[in-house]
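**Student:** My questions are about this predicted structure, shown below with the sequence.
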Number of protein chains: 2
Amino acid sequence: MTQAAFFVLTALADQPRHGYGILREVEELSEGAVQMRVGTLYGVLDRLTADALIVLDREEVQQGRLRRYYRLTDEGTAALTAEAERLAAGASAAKKRIAEGRRSPASAPGTTDKPATRPGLAGGLA
Amino acid sequence: MTQAAFFVLTALADQPRHGYGILREVEELSEGAVQMRVGTLYGVLDRLTADALIVLDREEVQQGRLRRYYRLTDEGTAALTAEAERLAAGASAAKKRIAEGRRSPASAPGTTDKPATRPGLAGGLA
DNA sequence: CTGAATATATCGGGAGCCGATATATTCGTG
DNA sequence: CACGAATATATCGGCTCCCGATATATTCAG
């Protein structure tokens, strides 16, 4: 799953939203960090619809402007849940490794630090 | 930052590794979930080097085979840390929203798919 | 000898994101 | 009333990036 798709699904997780609303919602929920472009949105929307992760919920005409609302399917909720756990696991693994790297890399206390073949630099090569 | 770049940086976070070692390490740290391809690796390596997030640490010739070791720069560690926090925040936001959405789901047991007249946004709509 | 694993690298195709562009209405400002 | 900004939809070309295939070379197991 791409980053853009993840954020679209997240924006739709609590309630149905229309395209432009998704754009603003993604920016808000990421605290301004992610600014998805219009050109990105519709491609993502099409792909997610094709994959049955979202569906067209309804269409409204609000003050002369069409609003096309999308919502998550059960499959979409499941996919988002799985992806969120994957990302959390990845982030967790990265943080752990950074912490490990900050110690002396040769010997960490209390760890099963036996990284397989430790090449002893034997041999006159260089 | 792309997913592949993130995993390469993570694999290098605790100690310098060479290309093929990164490939195996990424697969291991992701518990088999991510299987990065060789064609992906070298592009990522070049880009990360160009961005000064990694550097060539050293070259060894082990049993006739060249091993080219890379390691994180300080900038690379900082970038990985920032990305890990970004991912964790995204994952957290997604989970929170999924939980919020479950309070008034469209697909409730015994109910057919109803668009759910949810929050009073747009109010009476007219 | 042959195949698998180790280890490097390149190339073409395709997927996906971005910037620009187009259309249309409403609202605030001048 | 004119104009720009915001709202709201959609498309298209270019570019980046990932993957599969391919190539080369050595070591080890069968």
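**Tutor:** The structure has been received and is ready for your questions. Numbering: from 1, shown residues only, chains lettered A, B, ... in the order given.
**Student:** Can you give me the neighbour number for A:Gln63?
**Tutor:** 5 (other C-beta atoms under 10 Å in any protein chain shown). Bear in mind the C-beta positions are built from the backbone N, C-alpha and C, glycine included.
**Student:** Tell me, what's the model's pLDDT at it?
**Tutor:** On the pLDDT scale, A:Gln63 is placed at 84.
**Student:** and it, how far is that from A:Arg24?
**Tutor:** 17 Å (C-beta to C-beta, to the nearest Å).
**Student:** how deep is the residue of chain A found nearest DNA strand D tucked in, by neighbour count?
**Tutor:** Scanning chain A for proximity to DNA strand D using C-beta to the nearest atom of the strand identifies A:Gly19 as nearest, at 2.7 Å. Using other C-beta under 10 Å, the number of residues around A:Gly19 comes to 16.
**Student:** That one: what's it in contact with?
**Tutor:** A:41-42, A:45, A:68, A:70 (C-beta atoms under 8 Å, 6 or more residues apart in numbering or on different chains).
**Student:** Format those residues as TSV; extra columns: secondary structure.
**Tutor:** Formatted as TSV, these follow (DSSP: H, G, I helix; E, B strand; the rest coil):
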residue	secondary structure
A:Leu41	helix
A:Tyr42	helix
A:Leu45	helix
A:Arg68	strand
A:Tyr70	strand
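**Student:** These into a markdown table, with extra columns for neighbour count and distance to chain B?
**Tutor:** Below are the contacts of A:Gly19 laid out as a markdown table (neighbours: other C-beta atoms under 10 Å in any protein chain shown; distance: C-beta to the nearest C-beta, whole Å):
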| residue | neighbour count | distance to chain B |
| --- | --- | --- |
| A:Leu41 | 18 | 17 |
| A:Tyr42 | 11 | 22 |
| A:Leu45 | 18 | 18 |
| A:Arg68 | 14 | 13 |
| A:Tyr70 | 23 | 11 |
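**Student:** just checking: which of those residues also lie near DNA strand D?
**Tutor:** A:42, A:45, A:68 (C-beta under 7 Å from any atom of the strand).
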